[in-house]
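Engineer: structure of the sequence below:
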Amino acid sequence: MRLDRFLANLPCYNRQQVRLLLIQRRVRVDGQVVTEPLHEVREFSRVEVGEQLHQAGHAPRYLMLHKPAGCVSATHDPQHRTVLDLLPADLREDLHIAGRLDFNTTGLMLLTNDGQWSRRLTQPSTKLPKVYRVETEDEIGEHYLEKFRQGFYFAFEDLTTLPARLEILGPRQARLEIVEGRYHQVKRMFGFFQNKVIGLHRESMGSIVLDPGLAPGEFRQLSAEEIAGI
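Structural biologist: Sure thing, here's the model as predicted:
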C-alpha cells in the first residue's frame, strides 16, 4: 500500500495531516525518513510518525522443508502430525504453506510469512513449473509421452490440463513437469492409463530445488538468491 494511503487509513490522521507530516519529514519507514507519498508500505515495514509507532514490522521468513510421508500439509490437524510440527516452536508463528502436498507425497515444501511472495509462487497465472519424480505400479510406456503433451480432460472441473513434460527414467519411474496444481493431478493423469502412482516426490518449484543435504523432516532458510528467483 502507498504510504499516504496507509497513514490516512489510520484513525488519527486525515489526508491533509498526512501531507503535512510528510513535508515536515516526521514519517519514518524502516528507520528512514520518507517524504514521498507513493512510497510502498509492506506488511513487514516498520512505520513511525514522530515518537508514535504505527506498524512494528517483523522479519520475513522463508523456509525450505523436506516433507516426509505421513505428514499433513496444514498448520493444525487434530489427528495427524503437520509440517509445522517439524519446526521448532519459535519458528512456527505466522507461517503458512506455499504449495501443499498430499499426505504421503514427499519432497520440497516451502513455508513463509510473506503473503505476496507465496501468491507469486502459487497463483495459476504465473505458470510456475513444478517437477515431480513419480513411481508407478505398472510400466510406463512411450505412448504416455504424447498424451502428457496434449493434456488430460478432467470431467469434474470440465477442463483440459495444460501440456506437461514427462521423462521416462525407468520401467516404472518418470520425472514429470507440470505448471498447474489440480486436485490429485499427477495421480489422475497416470490413472488415465489405469496405472497407479505408488510414490510421488516433489523435486523443485520454479528455480528452487530441494537441497539434497536435507533429510526427510529437516529444513533450512532459503538463500537471498532463491527468494529473489520467485
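Engineer: state the mean pLDDT of stretch 66-86.
Structural biologist: What stretch 66-86 shows for mean pLDDT is 93.
Engineer: quick one: mean pLDDT for stretch 110-119?
Structural biologist: Per-residue pLDDT over stretch 110-119 has a mean of 89.
Engineer: check stretch 219-230 too.
Structural biologist: Mean pLDDT, stretch 219-230: 94.
Engineer: quick one: distance of it to the chain centre.
Structural biologist: For stretch 219-230, the distance from its own C-alpha centre to the chain's C-alpha centre is 12 Å (CA atoms, centre = their mean, to the nearest Å).
Engineer: then it to CSV, C-alphas only?
Structural biologist: Taking C-alpha atoms only, stretch 219-230 is exported to CSV below (Å, rounded to 0.1, in the frame of the first residue of the first chain):
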residue,chain,number,x,y,z
PHE,A,219,14.6,-27.7,6.9
ARG,A,220,16.8,-24.7,6.2
GLN,A,221,16.4,-21.0,5.4
LEU,A,222,16.2,-20.0,1.8
SER,A,223,19.0,-18.0,0.3
ALA,A,224,18.6,-14.5,-0.9
GLU,A,225,19.0,-15.8,-4.5
GLU,A,226,16.3,-18.5,-4.0
ILE,A,227,13.9,-15.9,-2.6
ALA,A,228,14.5,-13.4,-5.4
GLY,A,229,14.1,-16.1,-8.0
ILE,A,230,10.3,-16.3,-7.4
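Engineer: buried residues in it?
Structural biologist: Buried residues in stretch 219-230, counted by 16 or more other CB atoms under 10 Å: 219, 222, 226, 230. The C-beta positions use only the backbone N, C-alpha and C, and glycine is treated the same way.
Engineer: which of these fall in helices?
Structural biologist: With helices defined by DSSP state H, the entries of the buried residues of stretch 219-230 inside them are Glu226.
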